[in-house]
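A.B. asks: Here is the input, now give the coordinates:
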Amino acid sequence: MQSPTSQSAESDIIVLPPGNSAEAHLLLEAAHTDWEVQLTCRNLVLQIVHRNTLMLQYNHLLLDKAQEDLWTTDRFIGHVHFVIRKSSVELSSTLQAYTHISLHSTTISPTAPQSESTQFDTSPSPPEFTR
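C.D. replies: Numbers count the residues shown, from 1 in each chain. Below is the predicted model:
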């Protein structure tokens, strides 16, 4: 499908009838070359879309891995907190501040619309990713 701009531009082109076979041949070759340029542009756009789709899939894999690593770290921190509480060791006020940190409260949803303010998922369980 052509855009309205290209349609109107094509309708504005005035082609005079060729005066001889050489002019007719050149006119036909020029039209065919224009068609090949448009086909090449179309194929380039399709390749760019394909590349972007592949990069999106790759980025989803990276996001899944980062999310998995985050949950592993969160579980480890929870275990460390448990061991410290169980040991009855007093923590300094600086270290006590870290006992209230939960890493999963800063999970960014991959399907959230990009906006001025990033949306955070504050649910206690890992978010489900849909593709």
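A.B. asks: how about the helices in this structure?
C.D. replies: 4-12, 21-87, 93-98 (DSSP state H).
A.B. asks: if you compare the ones you listed, which one is most tucked away?
C.D. replies: A comparison of the helices of the chain by mean neighbour count, using mean count of other Cβ atoms under 10 Å, puts helix 21-87 on top with a mean of 11. Any C-beta I mention is one placed from the backbone N, CA and C, and that applies to glycine too.
A.B. asks: Let me see the mean pLDDT of that helix.
C.D. replies: Average pLDDT, helix 21-87: 95.
A.B. asks: From the contact counts, what lies against that helix?
C.D. replies: Judged by 3 or more Cβ pairs under 8 Å, 6 or more residues apart in numbering; DSSP states H and E, helix 21-87 is in contact with no other helix or strand.
A.B. asks: give me phi/psi at Leu16?
C.D. replies: Torsion angles at Leu16 (phi, psi; degrees, to the nearest 10) stand at phi -80, psi 150.
A.B. asks: Could I get the pLDDT score of it?
C.D. replies: The predicted local confidence for Leu16 is 84.
A.B. asks: Quickly note the distance from Phe82 to Phe76.
C.D. replies: Distance from Phe82 to Phe76, counting by Cβ to Cβ, to the nearest Å: 11 Å.
A.B. asks: cool, Leu28 as well?
C.D. replies: 72 Å.
A.B. asks: ditto for Leu16
C.D. replies: Distance from Leu16 to Phe76, counting by Cβ to Cβ: 79 Å.
A.B. asks: His50 now?
C.D. replies: Taking Cβ to Cβ, one finds His50 at 39 Å from Phe76.
A.B. asks: Also His60?
C.D. replies: Taking Cβ to Cβ, one finds His60 at 25 Å from Phe76.
A.B. asks: Then Ile48?
C.D. replies: Distance from Ile48 to Phe76, counting by Cβ to Cβ: 41 Å.
A.B. asks: Confirm for me that Val15 is in contact with Ala24.
C.D. replies: No - using Cβ atoms under 8 Å, Val15 is not in contact with Ala24, being 10.8 Å away.
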